[in-house]
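Enquirer: Test case, fold it:
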Amino acid sequence: MTTPASRGVLLVLASWTPDAPAGIERATAALALGLAQAGHRPVIATAAPQPAAPGLPGVKVEHLRLTGISFPCDDETLRRAVTWQDNALGQQIRDLIIRHRADTVLFTDALWGLGRLRGDLPGYVRRVLAAHVQPATLDAGPALARAHHVIVPSAVVRDQLAVSTAAAVSVVPNALLPDPALGLPSPERREELRVAGPVRVLARLGAEKGVAEVLEAAAGWDRPLEIALASAGFEDTAGSQAALLARCQELAAWQPNVQLRGALAWNKVLPWLADAAVVIVPSHRETFGLVALEAMSVGTPVVAYQVGNLPALIEPTGHGDHLLVPRDAGPAALHKAAQTLLDDDILYGATTQTVYRRAQEFTPHRIAHLFMEAIS
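Expert: Numbering: from 1, shown residues only. You can find the predicted model right below:
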C-alpha cells in the first residue's frame, strides 16, 4: 500500500526479464520488490520480451521499444542501437515518468541500464546511476556526468570509480530475492548433506565465472559435482556463451562424477542451493557475489576465491579463513577447502549457522531503505 510519502521509482534495464540468470537482473528485481514492500511505486522498464507468468507483487513492468537488436546481445551492438535511438528512448523514459508519476529514474547500468542516454528529464526527477561493475570507458563519461547520484553494490566498485567521477558515490548492496515458502533444511537434513550431498556451482556463461577451470580439475573429486549453467541476455562477443557452453559440455562428458544442467527459474534457485553440501563460487572476479549470498541465505556454506567483494561478504561470518582461498591457488584449493569443511562436523554446523545470520542483513526492505537514504 502506498503512503503520502511514497515515491515513484522507474528502474531501467534493457535486458531485464524474470528468471534471467544474471545478478543485475535479480538484484533489480529484489530492489523493486523491496521498494514496493516499503510503500513506494516501482516500475521496471525493459526492452526484453516478457513471459506471461505472474510478476513481482507491487511492481509494474513496462516495455521499451528498442529496435535493431535481439537477445542475447553484445555490448557494441547495443551501444550502436542506443546511440542511434537516443532521442526516441529518451522520449519513452519521459512518457513513463509522467504515466507513473515517477520522481526517480534508476538507470541500472551505464550501457544496459541506458545510463548513457542524453535525454533531459523533468527538473523534479532524480537521475540515479547504478554501477554494478565499472562501466566501459565509452559509456562511463556520459553516464557519470549526467547522474545526480551514483550507487554501487560494494566498496570494490566504489574504489574503482574513485578516479572516474567527482560525484558522490554511495554503497547500496544488492538485496536477496526471497522465497517465503522455503525454510532452512533441518539439522538432520543438513547432516545428511554434509556426509553425502553434492557440491554445487551456479553461474552464467562467462569466462570470468571460472567454471571451465573447475571442470578441468574435477577428475578424482570424491563428491558429485553438479553445475547449473545458463545464458544471459548479454555477452562479451557474439556467440561467446555458446562457445563456452560447448567447452564445458565437452569437459563434463569425461567426468563421471559431474552433472551439467541448464538454467534454473528464480523460484528454483534457493531450493537448489539449499540442497547442496557446499556451494563453490569459482569466479575470478566478483563486484558483489550474489550467488554466494543466496547460498548463505539458506545455510549452505560457500567456498570461493579471495577476490572482489567475496571477502567482504564472507569474512564477517568469522569463517573466512577456511571458506576463502587465494585466487592463484586454483580450483584444487577450492576442492581441498570444501573437503576440509565437510570432514569436520562441528565446524560445518557452526558455519551453516553463521553464514545464514550474515545473509539476513540483505533483505529487500532493508536495502530499499538504504537506497532511499542514498538518493535523498
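Enquirer: Show the low-confidence segments of this structure, by residue range.
Expert: Low-confidence segments of the chain (pLDDT under 70): 1-4, 163-167.
Enquirer: domains of it?
Expert: For the chain, the structural domains run 8-172, 187-361, going by automatic domain parsing.
Enquirer: which element is Asp109 on?
Expert: Counting by DSSP states H and E, no helix or strand carries Asp109.
Enquirer: For Arg261, see how far away it is.
Expert: As for Asp109, its distance to Arg261 is 28 Å (criterion: Cβ to Cβ, to the nearest Å). Placement of C-beta: from N, CA and C, glycine included.
Enquirer: Those two - which one has more neighbours?
Expert: In this view Asp109 and Arg261 are compared by other Cβ atoms under 10 Å, and Asp109 has more residues nearby, 24 against 12.
Enquirer: The more buried one touches Ser15, doesn't it?
Expert: No - here Asp109 does not reach Ser15: they are 9.1 Å apart, not a contact under Cβ atoms under 8 Å.
Enquirer: Please work out how many residues are found near Ala168.
Expert: Under the neighbour criterion other Cβ under 10 Å, Ala168 is assigned a count of 11.
Enquirer: Disregarding residues adjacent in the polypeptide, which is nearest to Val172?
Expert: Sequence neighbours aside, Ile151 is the residue nearest to Val172 in space, at 4.4 Å (criterion: Cβ to Cβ, 6 or more residues apart in numbering).
Enquirer: Pretty sure the one you found sits in a strand.
Expert: Yes - judged by DSSP: H, G, I helix; E, B strand; the rest coil, Ile151 forms part of a strand.
Enquirer: Which residues belonging to stretch 365-376 are considered buried?
Expert: Along stretch 365-376, the positions that meet the burial threshold by neighbour count (16 or more other Cβ atoms under 10 Å) are Arg366, Ile367, Ala368, Leu370, Phe371, Met372, Ala374, Ile375.
Enquirer: what's in contact with the helix or strand in which the second one is found?
Expert: Assessed by DSSP H and E, Ile367 sits inside helix 364-375. Counting contacts by Cβ atoms under 8 Å, 6 or more residues apart in numbering, the residues outside helix 364-375 that touch it are 7, 30-31, 33-35, 37-38, 40, 104, 126, 128, 148-149, 151, 170, 172-178.
Enquirer: In strands only, show me these.
Expert: The strands, defined by DSSP state E, take in Thr104, Arg126, Val128, His149, Ile151, Ser170 from these.
Enquirer: and the first one, what is it in contact with?
Expert: Yep, that's Thr104 we're talking about. For Thr104, counting by Cβ under 8 Å, 6+ apart, the contacting residues are Arg7, Gly8, Val9, Leu10, Val125, Arg126, Val128, Ile375.
Enquirer: ok, of these, which one's closest to Trp266?
Expert: Distance to Trp266, by Cβ to Cβ, is smallest for Val9 among the contacts of Thr104, at 20.8 Å.
Enquirer: I'd assumed the closest one was in a strand, is it?
Expert: Yes - under three-state DSSP, Val9 sits within a strand.
Enquirer: picking that back up, okay if I get the buried residues of stretch 365-376 as CSV plus distance to Glu226?
Expert: Putting the buried residues of stretch 365-376 into CSV (distance: Cβ to Cβ, whole Å) gives the following:
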residue, distance to Glu226
Arg366, 32
Ile367, 30
Ala368, 33
Leu370, 34
Phe371, 35
Met372, 39
Ala374, 38
Ile375, 40
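Enquirer: Of these, which is the nearest to Pro21?
Expert: Nearest to Pro21 among the buried residues of stretch 365-376 is Ile367, at 20.8 Å by Cβ to Cβ.
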